[in-house]
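Engineer: Show me the folded form of this:
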Amino acid sequence: MDNNNLNNPFGHLPDPDAEKAKFDVNQNQLHTRGVPGLWSQLLDLLIVLGVSAVIIGILLWIF
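Structural biologist: You can find the predicted model right below:
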């Protein structure tokens, strides 16, 4: 271990090229697939609205 790493708690300096590559991969995935959580929430909202509409329709038809 050389003297430059004595004050570094991780034992080595982070590789900036690896960080940039990881960022680029994550950014590419975000742009190609979108935000999966948003689509999931929108689909859940549509399902809830549809079920609610069916229940209200049945109640209005009965009464």
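
Engineer: Which SSE is immediately downstream of the worst-scoring helix or strand of the chain on mean pLDDT?
Structural biologist: Lowest mean confidence among the helices and strands of the chain (mean pLDDT, DSSP states H and E): helix 16-33, at a mean of 81. Going down the chain from helix 16-33, the next helix or strand is helix 36-62, by DSSP states H and E.

Engineer: For this protein, give me the ranges with low pLDDT.
Structural biologist: 1-13, 33-37 (pLDDT under 70).

Engineer: change it to 80
Structural biologist: 1-16, 29-38 (pLDDT under 80).

Engineer: returning to what we had before: can you give me the angle the least confident helix or strand of the chain makes with helix 36-62?
Structural biologist: Helix 16-33 and helix 36-62 are oriented at 30 degrees to each other (axes from the mean of the first three to the mean of the last three Cα atoms, to 10 degrees).
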